[in-house]
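In: After the sequence you'll find the predicted model.
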Amino acid sequence: MRIWEIDFLRGLAVLLMILFHFIVDLHDFFSVSLDYQGGFFFLIGKLSACLFIFIAGISTRFSRNPFRHGLRVLFWGFTITGVTYLYEPTTYIRFGILHLLGSSLLFASFLRRYQAWQQSILGVFILLIGNFWPGNRWLRQSWLLPLGYPPANFATLDYYPLFPWFGLFLLGMAGGIWFYPTRRSLFAQSPPDTPLHFLGRHALAVYLLHQPFLLLLLTCLFSLR
């Protein structure tokens, strides 16, 4: 079931992600002096990720089989792991946002039977643990990387561990129950379709394809200089 405002917000997240990765590619591949590790562009990237994660949690309210969907997302996450390993073995993606979303959807299959207040309490707890528990001072095992405690000198192109980010996903699940008790749009009228709605409906495909497209586009543009 499609909810137009959710597609719209997911499309906005996709647009912000493309903008962020456009800046990253300009800096990393074409030596353009742009800072994406702080300031405005850093915030754009984090806002995009937060929207993706929170909306993914809300969307479990409408999903018939989040477990199967989670397996599909995890498959593409590990595909990106393999591709980035071939590209850059020292900083390849081991637990990026697709790994997080896929794992969260698997857990959602078991947690969506709980009430919104229970999901919210667990979500806040995970957010607090992930942000404030100083376990990373002594927990340096590679197998703890998905939980948010990577080994020393860890570097990666993308990293969204379960602690704290699964907490935001759980808050989205609770929001889905609170905002959509009847599983219907919050608005009586649906607006005309926009490019953002299209991006929102095809977010996974756009996520997988946008980087090769951006690199090809930028390569063509810089070759003309």
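Out: Received, thanks.

In: give me the number of residues near the residue nearest to residue 95 when sequence neighbours are not counted?
Out: Closest residue to residue 95 apart from its sequence neighbours, by CB to CB, 6 or more residues apart in numbering: residue 146 at 4.9 Å. Any C-beta I mention is one placed from the backbone N, CA and C, and that applies to glycine too. Neighbourhood size, residue 146 [other CB atoms under 10 Å]: 19.

In: For residue 146, give me the pLDDT.
Out: The score at residue 146 is 93. That number is its pLDDT.

In: What spatial separation is found between it and residue 77?
Out: As judged by CB to CB, to the nearest Å, residue 146 and residue 77 stand 11 Å apart.

In: Need the overlap of contacts for the two.
Out: residue 99 (CB atoms under 8 Å, 6 or more residues apart in numbering).

In: Any regions of the chain where pLDDT drops low?
Out: 1, 134-141 (pLDDT under 70).

In: For the chain, which segments count as strands?
Out: Read by DSSP state E, the chain holds no strands at all.

In: quick one, longest helix in it?
Out: helix 4-30 (DSSP state H).

In: quick one: that helix to chain centroid distance?
Out: For helix 4-30, the gap between its own C-alpha mean and the chain's C-alpha mean amounts to 11 Å (CA atoms, centre = their mean, to the nearest Å).

In: now for that helix, which elements pack on it?
Out: Other helices and strands packing on helix 4-30, by 3 or more CB pairs under 8 Å, 6 or more residues apart in numbering; DSSP states H and E, are helix 39-59, helix 195-201, helix 203-223.

In: in this protein, which residue is closest to the centre?
Out: Most central in the chain under CA atoms, centre = their mean is residue 97, positioned 4.1 Å from the mean C-alpha point.
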